[in-house]
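Visitor: Requesting a structural model of the entry that follows:
(one chain, ligands or ions: 1)
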Amino acid sequence: MAANERNARITGLGMYVPPKVMTNQDFEKLVDTSDEWIVQMTGMKERHYIGEGEATSDLASRAADEALERAGVAPEDVQMILVATATPDMLFPSTACLTQTKIGAKNAFAFDICAGCSGFVYGTVIASQFIRAGTVDTALVIGAESLTRFTNMTDRGTCVLFGDAAGAAVFQACEPERGLVDHYIQSDGKLGDLLMCPAGGSKKPASHETVDANEHTIHMIGNKVYVNAVRMMSDSVVKVLDQQGLSGDDLDILFPHQANIRIITSVAERAGLPMDKVYVNIHKYGNTSAASIPLAMYEALEDGSLKEGMLAGTVAFGAGFTWGSTLMRW
Ligand code: ACO
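Guide: Presented below is the predicted three-dimensional model:
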């Protein structure tokens, strides 16, 4: 296929969640909260926690192994690996390089994308552009997070929200009628302070003081993030459909980032989508950041909600702020 005649599509999906489960009842013993509050305000019931000695690249490589197997692609045939994560194994080397070694993808180039919860949407766009340009035939995009390593377990406003997971997708060149139809991605650093991990970087290196002040954990002004998430996510869905002259009626299924069931229902309403077209699995995993969309796609494919020929959308919003959406002909 000549470069200008081809598109990029997902040919295999994989997911991994660590076995340890934290229920709402477990949090009732840790902070002043209740199962009723968490379910009503977030839609979450359980989330998975990374194990002792495990790292983000361990989750990423397990999801990647499965995605490659399902796509029928050998690790040495992968040319590009993107790991979308805000919770890397370490500052450097990248989690993508560490994952590359674990899965044996010795012929790939690899790098991380730090776009918070929007990382998988960004990764989809970047990988697809490399494939469309003819530079790469096979790419692996992985959303992998261990947010519970950076959670203040005494802060009820954040500790109940996050879970650990990885979701992986193999992207390959395909005929122009399938795969990525369109995308819309944006960032705005102005409001970045509303959602951040303040210390551990060059601005505020780790010290006894930063540890004592809990500055290596997620700091979030939840209600302000919420308002922005609803606005940016619904605008993104409308925008990407509009770019194609389409409306909510034309979309068969939407995979929104799973941050809060109330955000998801508001986005659906504002984008003119009935909830039966919107995939939700937040009750099982909580907010897994960059992993949540591939996790949802994986489960939708397994349970038959995602079928060949469907027009599928993704939409996310995360730290940065970053946001965006994609349309894919499945
Ligand atoms: N249990 C009980 N009460 C709680 C809890 C809890 N777990 N958490 C907060 N509250 C209380 C607050 O203390 C506050 O009490 P007060 O009125 O006595 O002060 C009250 O609930 C209301 O707090 P708000 O923060 O205003 O509640 P809100 O309706 O905004 O819901 C929530 C909080 C669920 C965190 C919501 O703001 C949210 O989901 N925000 C978005 C999070 C998100 O989308 N993050 C996305 C990106 S994450 C990433 O990129 C890594």
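Visitor: So Lys204 sits against Glu215, correct?
Guide: Yes: using Cβ atoms under 8 Å, Lys204 makes contact with Glu215 at a distance of 6.6 Å. The C-beta positions use only the backbone N, C-alpha and C, and glycine is treated the same way.
Visitor: which residues do these two both contact?
Guide: Counting by Cβ atoms under 8 Å, 6 or more residues apart in numbering, the shared contacts of Lys204 and Glu215 are Pro198.
Visitor: which SS state does Pro193 fall under?
Guide: In this structure residue 193 is Asp, not Pro. Three states are possible here, and by DSSP: H, G, I helix; E, B strand; the rest coil the one that applies to Asp193 is helix.
Visitor: Specify the residue ranges that define each domain of the protein.
Guide: 3-176, 181-329 (automatic domain parsing).
Visitor: Which stretch among the ones you listed is buried most, on average?
Guide: For those, average neighbour numbers computed from mean count of other Cβ atoms under 10 Å are highest in domain 3-176, which has a mean of 21.
Visitor: touching the ligand at all, it?
Guide: Yes: with Cβ under 6 Å from any ligand atom as the criterion, the ligand is reached by domain 3-176 at 33, 37-38, 41-42, 86, 116-117, 156-157, 160.
Visitor: Report the rounded mean pLDDT for that domain.
Guide: When pLDDT is averaged over domain 3-176, the result is 97.
Visitor: Can you pull out the low-pLDDT segments for the stretch 201-330 of the chain?
Guide: Counting by pLDDT under 70, the stretch 201-330 of the chain has no low-confidence residues at all.
Visitor: Next up, the contacts around Ser94.
Guide: Taking Cβ under 8 Å, 6+ apart as the contact definition, Ser94 lies against 83, 88, 110-112.
Visitor: Among those residues, name the ones in strands.
Guide: The strands in this structure, assigned by DSSP state E, contain 83, 110-112 from the contacts of Ser94.
Visitor: From Gly200, how far off is the residue of the stretch 201-330 of the chain found nearest the ligand?
Guide: For the stretch 201-330 of the chain, the residue positioned closest to the ligand under Cβ to the nearest ligand atom is Gly222, at a distance of 2.9 Å. The span separating Gly222 from Gly200 equals 22 Å under the rule Cβ to Cβ, to the nearest Å.
Visitor: ok, which stretches of the chain are strands?
Guide: Under the criterion DSSP E, the chain carries strands at the ranges 7-16, 20-23, 46-49, 80-84, 109-113, 138-145, 165-174, 179-187, 195-196, 219-220, 253-256, 311-318, 322-329.
Visitor: Arrange the ones you listed in a markdown table, one row each, with distance to Ile282 as further columns.
Guide: As requested, the strands of the chain are arranged in a markdown table below (distance: least, Cβ to Cβ, whole Å):
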| stretch | distance to Ile282 |
| --- | --- |
| strand 7-16 | 15 |
| strand 20-23 | 14 |
| strand 46-49 | 9 |
| strand 80-84 | 19 |
| strand 109-113 | 23 |
| strand 138-145 | 15 |
| strand 165-174 | 12 |
| strand 179-187 | 23 |
| strand 195-196 | 18 |
| strand 219-220 | 17 |
| strand 253-256 | 9 |
| strand 311-318 | 13 |
| strand 322-329 | 18 |
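Visitor: Which of those strands sits closest to Asp242?
Guide: Nearest to Asp242 among the strands of the chain is strand 179-187 (9.1 Å), distances taken as Cβ to Cβ.
Visitor: Does anything pack onto the closest one? Which helices or strands?
Guide: strand 7-16, helix 119-132, helix 222-243, strand 322-329 (3 or more Cβ pairs under 8 Å, 6 or more residues apart in numbering; DSSP states H and E).
Visitor: got the CA coordinates for the longest one in PDB?
Guide: Which is helix 222-243. Provided in PDB are the C-alpha atoms of helix 222-243 (Å, rounded to 0.1, in the frame of the first residue of the first chain):
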ATOM      1  CA  GLY A 222     -11.800  17.800  42.200                       C
ATOM      2  CA  ASN A 223     -14.800  20.000  41.600                       C
ATOM      3  CA  LYS A 224     -12.900  22.400  39.300                       C
ATOM      4  CA  VAL A 225     -11.400  19.500  37.300                       C
ATOM      5  CA  TYR A 226     -14.900  18.100  37.000                       C
ATOM      6  CA  VAL A 227     -16.400  21.200  35.400                       C
ATOM      7  CA  ASN A 228     -13.500  21.400  32.900                       C
ATOM      8  CA  ALA A 229     -13.700  17.700  32.100                       C
ATOM      9  CA  VAL A 230     -17.400  17.800  31.300                       C
ATOM     10  CA  ARG A 231     -17.000  20.900  29.100                       C
ATOM     11  CA  MET A 232     -13.800  19.800  27.200                       C
ATOM     12  CA  MET A 233     -15.000  16.200  26.700                       C
ATOM     13  CA  SER A 234     -18.400  17.000  25.400                       C
ATOM     14  CA  ASP A 235     -16.900  19.700  23.100                       C
ATOM     15  CA  SER A 236     -14.400  17.200  21.800                       C
ATOM     16  CA  VAL A 237     -17.000  14.700  20.800                       C
ATOM     17  CA  VAL A 238     -19.100  17.300  19.100                       C
ATOM     18  CA  LYS A 239     -16.100  18.800  17.400                       C
ATOM     19  CA  VAL A 240     -14.700  15.500  16.000                       C
ATOM     20  CA  LEU A 241     -18.200  14.500  14.700                       C
ATOM     21  CA  ASP A 242     -18.700  18.000  13.200                       C
ATOM     22  CA  GLN A 243     -15.300  17.800  11.400                       C
END
